[in-house]
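*Asks:* Got a predicted structure plus its sequence, pasted below:
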Amino acid sequence: LPPRSSLFPFTTLFRSKQWYQRRVRATYKTSESKREEFRKYLEKEGVLDSLTKILVCLYEEPEKPINALDFLKQHLHGGSPESNDVETLRLELQELRTKHEAVVSENEALKAKLQEYETPAEEKEAES
């Protein structure tokens with residue numbers, strides 16, 4: 001058998017450590033480049049600018065909202081709905097309320113009419 005060096009385990013360990021460090025550095029560089037690529041994407045699409053503006057609005061808000069996340073969601077959505085949309089919905093609501101009132105009135109009238117028909121039938125049964 002060839003003689004074994006007493007340094008063999010240490011050199012293997014040292015080489016393994018160097019290999020591990022290179023692997024970690026490569027992984028770190030890969031993740032850093034992925035982060036940078038994602039950051040550039042967000043910047044290109046205007047996401048960073050929009051978030052910054054919303055956060056500045058929140059910062060400058062004199063009375064801070066109770067729920068900051070709801071504030072962000074509302075401002076990300078684009079704020080309040082268009083006034084044309086609001087007016088259309090108001091008109092539709094008024095129309096539906098009018099229809100509802102008409103249906104309720106009709107229902108009451110039909111109930112009264114039904115009551116008229118049921119009362120004579122009950123009286124006839126009582127007489128028999």
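*Replies:* Perfect, thanks for sending it. Numbering: from 1, shown residues only.

*Asks:* wait, what's in contact with Leu42?
*Replies:* Listed by Cβ atoms under 8 Å, 6 or more residues apart in numbering, the contact set of Leu42 reads Leu48. (Glycine included, C-beta is placed from N, CA and C.)

*Asks:* how much space is there between it and Val104?
*Replies:* Using Cβ to Cβ, to the nearest Å, Leu42 is found at 54 Å from Val104.

*Asks:* cool, and Lys113?
*Replies:* Lys113 sits 15 Å away from Val104, going by Cβ to Cβ.

*Asks:* again, but for Gln115
*Replies:* Separation of Gln115 from Val104 (Cβ to Cβ): 17 Å.

*Asks:* Then Asp85?
*Replies:* With distances taken as Cβ to Cβ, Asp85 is found 28 Å from Val104.

*Asks:* got it, and Thr98?
*Replies:* For Thr98, the distance to Val104 equals 11 Å [Cβ to Cβ].

*Asks:* now Phe71
*Replies:* Distance, Phe71 to Val104, by Cβ to Cβ: 40 Å.

*Asks:* Comparing the two, which residue is more hemmed in?
*Replies:* Using other Cβ atoms under 10 Å, the more surrounded residue of Phe71 and Val104 is Phe71, with 17 against 10.

*Asks:* I'd like to know how many residues surround the closest residue to the more buried one other than its chain neighbours.
*Replies:* For Phe71, ignoring the flanking residues on the chain, the nearest one in space by Cβ to Cβ, 6 or more residues apart in numbering is Pro65 at 4.4 Å. Number of residues near Pro65 (other Cβ under 10 Å) recorded here: 12.
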